[in-house]
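*Asks:* With the sequence up front, the predicted model follows.
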Amino acid sequence: MSQSATVSTEAILLELVDEEGRTTGTAEKLAAHQAPGQLHRAFSVFLFDSEGRLLLQRRALGKYHSPGVWSNTCCGHPYPGEAPFLAATRRTVEELGAAPALLGEAGTVQYHHPDPASGLVEREYNHLFVGMARQPLRPDPAEVAETAFVTPEELAGLRADGTFSAWFGTVLDAARPAVRELTGGSAGW
């Protein structure tokens, strides 16, 4: 982590779940991400423009987890008791300054991905959403360092650099059926 990076000391609670996604309790955010990781509820958003290009974000350098890497449009954790759809919409607006359009559910996926760079663990029951980006973006620099709309070919080139979040491939693969439906399959997703 760079010296200019800031980490909030405010305790944020995550909703712990079992293998079927049923709530089992809560844990502090950082504690839930420390090895071996606690299974908790999360969400991932994939937004596309009218040309069928995927909106990526490069995470801000001040993020305590996976700073400076590319990832899906938006991801995060619902507050305990908050519906994942509402959390996905809320965080997309907070991070990117634009509300998603036509946001729809795209299933769930579970994974357990250690992050070698930070030593933290992503052990998540992740709710997936796909939709459209139709408003101008106004990213919060504390959350997002950069954004890019990419074609499947451009994404493949970026991924060859290995600068993506540990969870990105898993959530994208799980969301692909809904992505193909949204984009009409014509964009090559």
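*Replies:* Looks like it came in fine.
*Asks:* nearest spatial neighbour of L172, skipping sequence neighbours?
*Replies:* N72 (6.8 Å; C-beta to C-beta, 6 or more residues apart in numbering). From N, CA and C alone the C-beta is placed, and that goes for glycine too.
*Asks:* Enumerate every residue touching Q38.
*Replies:* 16, 27, 31-32, 123 (C-beta atoms under 8 Å, 6 or more residues apart in numbering).
*Asks:* So the residue nearest to L172 sits against T170, correct?
*Replies:* No - counting by C-beta atoms under 8 Å, N72 sits too far from T170 to count as a contact (10.5 Å).
*Asks:* higher neighbour count, these two?
*Replies:* The neighbour count for N72 versus T170, taken as other C-beta atoms under 10 Å, is higher for N72 (22 against 19).
*Asks:* now the more buried one: how far from A148?
*Replies:* Summarising the geometry, the distance separating N72 from A148, computed by C-beta to C-beta, to the nearest Å, is 12 Å.
*Asks:* Now for those two: what residues contact both?
*Replies:* With C-beta under 8 Å, 6+ apart, N72 and A148 have common neighbours L56.
*Asks:* Enumerate the positions of stretch 149-160 that are buried.
*Replies:* Judged by neighbour count using 16 or more other C-beta atoms under 10 Å, the buried positions of stretch 149-160 are 149-150, 155.
*Asks:* what's that stretch in contact with?
*Replies:* Outside of stretch 149-160, the residues within contact range by C-beta under 8 Å, 6+ apart are 49, 51-56, 70, 133, 148, 164, 169, 187-189.
*Asks:* Identify, by residue count, the longest helix of the chain.
*Replies:* Residue-count comparison of every helix in the chain, with assignments taken from DSSP state H, identifies helix 168-183 as the longest.
*Asks:* And the contacts of that one?
*Replies:* Outside of helix 168-183, the residues that reach it under the criterion C-beta under 8 Å, 6+ apart are 44, 46, 48, 52, 54, 70-72, 75, 102, 104-109, 111, 113, 126, 128, 130-132, 159, 189.
*Asks:* If we use 7 Å, what do you get?
*Replies:* Helix 168-183 has contacts (C-beta atoms under 7 Å, 6 or more residues apart in numbering) with 44, 46, 48, 52, 71-72, 104, 106-107, 109, 111, 113, 126, 128, 130, 189.
*Asks:* Quick check: the farthest pair among the contacts of stretch 149-160?
*Replies:* Using C-beta to C-beta, the contacts of stretch 149-160 reach their maximum pairwise distance at E51 and G169, which is 23.0 Å.
*Asks:* Tell me which of these two has more neighbours.
*Replies:* Neighbours of E51 and G169, each counted by other C-beta under 10 Å, are more numerous for G169; the result is 13 against 9.
*Asks:* Show the model's pLDDT score for the more buried one.
*Replies:* According to the per-residue confidence, G169 scores 96 in pLDDT.
*Asks:* Against A27, how distant is the most centrally placed residue in the chain?
*Replies:* If you average the C-alpha coordinates of the chain and look for the closest C-alpha using C-alpha atoms, centre = their mean, you land on C75, 2.3 Å from that point. For C75, the distance to A27 equals 18 Å [C-beta to C-beta].
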